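This is a predicted model, with the sequence first.
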Amino acid sequence: MLGGTVFTFVTEGIHVALEQAFDAAGGQDVKIAGGASTIQQYLRAGLVDELHVAIAPILLGSGERLFDNLAGGPEGFQCAEYVGSPSVAHARFTRRAR
């Protein structure tokens, strides 16, 4: 793609995808992006250290809910930062110390 963006599609599961992402990142942070189902899989597997949720007040009709199938929210996380405006709200959750 323009600018050098590369996409790699992994069909062997989330653990293999994350391993490949860490290898490609060369020690830098890895960000997981995707729909609710993708993020839920990584949350349930305990593979997320920080979660950034951007919330736009637009009614789209239907779709997947991010915290469905997760007992109502990101268990083991605490809200570390919240910034809101009339256009968007950003909430950053970090994993609680174990």
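That came through fine.

Buried residues, the longest helix along the chain. List them.
Longest helix in the chain, counting residues (DSSP state H): helix 14-25. By 16 or more other CB atoms under 10 Å, the buried positions in helix 14-25 come out as 17, 18. Yep, even glycine has a C-beta here, placed from its N, CA and C like the rest.

hmm, who's touching it?
8, 10, 30, 32, 41, 42, 45, 47 (CB atoms under 8 Å, 6 or more residues apart in numbering).

how about the helices in the protein?
14-25, 36-44.

thinking again about what came up before, among the contacts of helix 14-25, which ones are buried?
32, 41, 42.

so what's the last one up against?
For residue 42, the residues meeting the contact criterion (CB under 8 Å, 6+ apart) are 14, 18, 32, 48.

Make CSV out of those residues and add distance to residue 92 and pLDDT.
Output for the contacts of residue 42, formatted as CSV (distance: CB to CB, whole Å; pLDDT from 0 to 100):
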residue, distance to residue 92, pLDDT
14, 22, 96
18, 20, 96
32, 15, 90
48, 12, 92
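
Of the residues you listed, just say which sits nearest to residue 64.
residue 32 (15.5 Å; CB to CB).

Please report how far the closest one lies from residue 17.
For residue 32, the distance to residue 17 equals 9 Å [CB to CB, to the nearest Å].

and which of the buried ones among the contacts of helix 14-25 is nearest to residue 83?
Checking the buried ones among the contacts of helix 14-25 one by one against residue 83 (CB to CB), the nearest turns out to be residue 32, at 21.1 Å.
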